[in-house]
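A.B. asks: coords please:
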Amino acid sequence: MSRRTFSRSAVLVIGAAGLVVGTIGTVVATAEPAEAGSRPSEKQIAGLFDTWNKALQTGDPQKVADLYAADGVLLPTVSNQVRTDRAEIVDYFEHFLQKKPVGKKVETIVEVLDRNSAIDTGVYEFTLTDPKTGQKSTVAARYTYAYEKRGGAWKIVNHHSSKMPEG
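C.D. replies: Predicted structure coming up:
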């Protein structure tokens, strides 16, 4: 091996080693931190609706509002007003709960985004009771719940519900 060939070989080896070390450093630097917990199951996320529905059954708007994040947003089924803070969410449920709503999922699609966030979307029905007449009615609606795990508890950060379009 001539001196010139040796020099080229040495440069290639050193260059390749630098590339490997540089790549490893980049991978280590850009890798996400190890998650200190496991991702929730789709069943666990779907079950958060049951918790919310049970809170409705208490008739206490504060208990329902407790399930929403402090910065949660509610686009409710039977109101034109977007609710963007706890007071507004409580106000909505003060009125909605007078109808003694009982929810039932018809179709649900859950997407677990990571260990701290998930989306539950689909169709549900509510049986409502007119507080004056006692007459029951059913409202079918589309929904989306966006959840985040905050302080160890799942909170609703965005809840959109709208009546199914007719026709």
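
A.B. asks: Quickly list what residue 143 is bridged to.
C.D. replies: Note on residue 143: beta-bridge partners by DSSP bridges are residue 122, residue 161.

A.B. asks: My read is that it contacts residue 119, right?
C.D. replies: No. The pair residue 143 / residue 119 is not scored as a contact, 10.6 Å apart, by CB atoms under 8 Å. Any C-beta I mention is one placed from the backbone N, CA and C, and that applies to glycine too.

A.B. asks: Give me the more crowded residue out of these two.
C.D. replies: Neighbour totals were compared for residue 143 and residue 119, and residue 143 leads with 20 against 15 (other CB atoms under 10 Å).

A.B. asks: if I look at the more buried one, how far off is residue 54?
C.D. replies: Residue 143 is 16 Å from residue 54, where distance means CB to CB, to the nearest Å.

A.B. asks: likewise residue 152?
C.D. replies: Distance from residue 152 to residue 54, by CB to CB: 20 Å.

A.B. asks: more crowded one of these two?
C.D. replies: The neighbour comparison of residue 152 against residue 54 (other CB under 10 Å) goes to residue 54, with 13 against 6.

A.B. asks: Remind me which helix or strand the more buried one belongs to.
C.D. replies: helix 42-58 (DSSP states H and E).

A.B. asks: now for that helix, which elements pack on it?
C.D. replies: Counting contacts by 3 or more CB pairs under 8 Å, 6 or more residues apart in numbering; DSSP states H and E, helix 42-58 packs against helix 61-65, strand 102-114, strand 117-129, strand 136-150, strand 153-163.

A.B. asks: how about the ones you listed, which one is nearest residue 79?
C.D. replies: Closest of these to residue 79 is strand 153-163, at 9.8 Å (criterion: CB to CB).

A.B. asks: counting contacts, what elements does that closest one pack onto?
C.D. replies: With contacts taken as 3+ CB pairs under 8 Å, 6+ apart, strand 153-163 sits against helix 42-58, strand 68-75, strand 136-150.

A.B. asks: same thing but 6 Å
C.D. replies: Helices and strands touching strand 153-163, by 3 or more CB pairs under 6 Å, 6 or more residues apart in numbering; DSSP states H and E, are strand 68-75, strand 136-150.
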